[in-house]
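Undergrad: please work out how this folds:
(2 chains)
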There are 2 protein chains.
Amino acid sequence: MKDYRLPVRADGKKTFNKIVETGTRLFSKLGYYGASINEIIEESGIATGTFYLYFNDKRALYLYLIDLYGKEITKAIQKGIRGAKNRYEEEKLGIRAFLIYAHENPISYRIFWEAMYVDGDVFKDYYQNFSRRYIKGLRRGVNSGEIYDDTDLETISYILMGISNFVGLQVLFNENADEKYIDFLTDEVMKFLEKGMFRK
Amino acid sequence: MKDYRLPVRADGKKTFNKIVETGTRLFSKLGYYGASINEIIEESGIATGTFYLYFNDKRALYLYLIDLYGKEITKAIQKGIRGAKNRYEEEKLGIRAFLIYAHENPISYRIFWEAMYVDGDVFKDYYQNFSRRYIKGLRRGVNSGEIYDDTDLETISYILMGISNFVGLQVLFNENADEKYIDFLTDEVMKFLEKGMFRK
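TA: Alright, predicted model coming up:
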């Protein structure tokens, strides 16, 4: 059951987007519990009743944002891997797209990682769904003989999500991070995915 | 400059620990901005003045907790890797110790990940210091010829932190997780570290 309603008319869309922007900014700054619904309404420059036209409550807005950012990340990755010739290239382009997205939207980390408190089930669902999609792609790689068939694909999916997220932090921590730096990190990650870290 | 003071006498220690416990519980439940200092004081069953004997403010308590959990994790890993015969075994035992710690203290994730909002510098320092310590160990592995010498060690350190943290989530998401499951995941991770995921 949806607890938000999308706008229909153009002026409604403008108001809706304003609420989404303000919510993103305040949740990122103050966290879910710290940002009050009144503040969000006030800083959006809308009447109280207008907020409730679109969202049942603060939580509904937050869950909408998680959904929104989740879709955005997925879209950015899908766009990034378009034209990949094989699973290896797909992984490389996917990681690169994730790092670029993280660099441009550090806010997305906050929204997702705080979901752990706001709604443990939403947090779990998000990563489990991401994992399931990953596993499908990995299975194709196993079937085509590109990926080893003796490793648990669920574990590989968490390994890969962990790598993207934490190398993403490495990007965020570097004030001089640019596309060249992201390409460098992507190549280093790919070396790791190709042969691991321990010499035979 | 420290903004907390450790207790000296036994009854002070009891009070201090009570504050730490209550803080951990409320921050985990409501987040840093959601948990008020008054609530922490009330649920600790202490007088307001008593709180300030030990902590300057809510933030001081939070930063103390980050420090505390950071030390605990490091200690758990150090204990876990004791007796490792080589870098490979050290990595394996370290990852296993981290997963067991995560399983027993899911709260630690919340404390660390929310640090991103509370104090971006503390969050960054925590992971950068963790990375630095990791790099030292990795360098020993490179020098002894166990680890490939053509990969950026900082990137490897973030890759490994990401793997531990996200395979840790895989543990948290599994209601039936036990030591056997953790051993299974550790073995799967080690396969990955040994040879990567792509066939040559």
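
Undergrad: what segments of chain A are helices?
TA: Per DSSP state H, chain A carries helices over the ranges A:10-34, A:37-44, A:48-54, A:58-81, A:87-104, A:107-118, A:120-143, A:153-173, A:179-195.

Undergrad: among the ones you listed, which is the most enclosed?
TA: Comparing the helices of chain A by mean neighbour count (mean count of other Cβ atoms under 10 Å in any protein chain shown), helix A:153-173 comes out on top with a mean of 23. All C-beta atoms are positioned from the backbone trio N, CA, C, and that covers glycine.

Undergrad: does A:Y127 touch A:M161 like I think?
TA: Yes - when contacts are counted by Cβ atoms under 8 Å, A:Y127 is listed as touching A:M161 (6.8 Å).

Undergrad: need the residues touching each of these two.
TA: By the contact definition Cβ atoms under 8 Å, 6 or more residues apart in numbering or on different chains, A:Y127 and A:M161 are jointly contacted by B:F166.

Undergrad: one step back: which among the helices of chain A is found nearest to B:E188?
TA: Closest to B:E188 of the helices of chain A is helix A:153-173 (Cβ to Cβ; 4.1 Å).

Undergrad: what is the least confident helix or strand in chain A?
TA: Ranking every helix and strand in chain A by mean pLDDT, DSSP states H and E puts helix A:107-118 at the bottom, with a mean of 83.

Undergrad: so what secondary structure elements neighbour that one?
TA: Of the remaining helices and strands, those touching helix A:107-118 by 3 or more Cβ pairs under 8 Å, 6 or more residues apart in numbering or on different chains; DSSP states H and E are helix A:10-34, helix A:58-81, helix A:87-104, helix A:120-143, helix A:153-173, helix B:10-34, helix B:107-118.

Undergrad: need these in TSV (columns: distance to A:G45).
TA: Converted to TSV, the helices and strands packed on helix A:107-118 look like this (distance: least, Cβ to Cβ, whole Å):
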stretch	distance to A:G45
helix A:10-34	7
helix A:58-81	16
helix A:87-104	26
helix A:120-143	29
helix A:153-173	30
helix B:10-34	23
helix B:107-118	24
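
Undergrad: how about the ones you listed, which one is nearest B:I66?
TA: With Cβ to Cβ as the measure, helix B:107-118 is the member of the helices and strands packed on helix A:107-118 nearest B:I66 (5.6 Å).

Undergrad: that closest one to helix B:87-104, inter-axis angle?
TA: 90 degrees (axes from the mean of the first three to the mean of the last three Cα atoms, to 10 degrees).

Undergrad: chain center to helix B:107-118, what's the gap?
TA: From the chain centre to the centre of helix B:107-118 is a distance of 10 Å (Cα atoms, centre = their mean, to the nearest Å).

Undergrad: give me the domain ranges for chain A.
TA: Domains of chain A are assigned by automatic domain parsing as A:1-56, A:57-195.

Undergrad: tell me where the model's unsure across chain A.
TA: Along chain A, the model assigns pLDDT under 70 to residues A:1.

Undergrad: test my guess that A:E90 contacts A:G80.
TA: No - checked against Cβ under 8 Å, the pair A:E90 and A:G80 is beyond contact range at 9.3 Å.

Undergrad: measure A:K79 to chain B for me?
TA: According to Cβ to the nearest Cβ, to the nearest Å, A:K79 stands 23 Å off from chain B.

Undergrad: end to end, how far does stretch A:98-118 reach?
TA: 24 Å (Cα to Cα, to the nearest Å).

Undergrad: now stretch A:169-187
TA: 16 Å.

Undergrad: what's next to stretch A:78-98, contact-wise?
TA: With Cβ under 8 Å, 6+ apart as the criterion, stretch A:78-98 contacts A:73, A:76-77, A:100, A:137-138, A:140-141, A:144, A:146-147, A:160, A:163-164, A:167-168, A:182-183, A:186, A:189-190, A:193-194, B:198.

Undergrad: and for stretch A:132-141?
TA: So stretch A:132-141 is contacted by A:T74, A:R87, A:E90, A:I147, A:L153, A:E154, A:I156, A:S157, A:L160, A:M161 (Cβ under 8 Å, 6+ apart).

Undergrad: can I get the domains of chain A in TSV with distance to B:D67?
TA: Below are these laid out as TSV (distance: least, Cβ to Cβ, whole Å):
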stretch	distance to B:D67
domain A:1-56	20
domain A:57-195	19
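
Undergrad: list the residues that contact the residue nearest to A:E179 when sequence neighbours are not counted.
TA: Excluding its sequence neighbours, the residue lying closest to A:E179 (Cβ to Cβ, 6 or more residues apart in numbering or on different chains) is A:I100, at 7.3 Å. By Cβ under 8 Å, 6+ apart, the residues touching A:I100 are A:A76, A:G80, A:E179, A:I182.

Undergrad: how close does A:D150 get to B:K191?
TA: Taking Cβ to Cβ, to the nearest Å as the measure, A:D150 falls 7 Å from B:K191.

Undergrad: from the contacts of A:I100, pick the one nearest chain B.
TA: Closest approach to chain B among the contacts of A:I100 (Cβ to the nearest Cβ): A:I182, at 11.5 Å.

Undergrad: these two touch, right, that closest one and A:A102?
TA: No - counting by Cβ under 8 Å, A:I182 stays clear of A:A102, with 9.2 Å between them.

Undergrad: find the residues that touch each one of these two.
TA: A:V171.

Undergrad: what about A:N56, distance to chain B?
TA: A:N56 is 20 Å from chain B, where distance means Cβ to the nearest Cβ.

Undergrad: not counting sequence-adjacent ones, nearest residue to that residue?
TA: A:N56 sits nearest to A:D3 (Cβ to Cβ, 6+ apart), 4.0 Å away.

Undergrad: and the one you found, how many neighbours?
TA: 12 (other Cβ atoms under 10 Å in any protein chain shown).

Undergrad: ok, A:E43 - contacts?
TA: A:T22, A:R25, A:L26.

Undergrad: now with 10 Å, please.
TA: Applying Cβ atoms under 10 Å, 6 or more residues apart in numbering or on different chains, one finds that A:E43 lies in contact with A:K18, A:I19, A:E21, A:T22, A:G23, A:R25, A:L26, A:A35.
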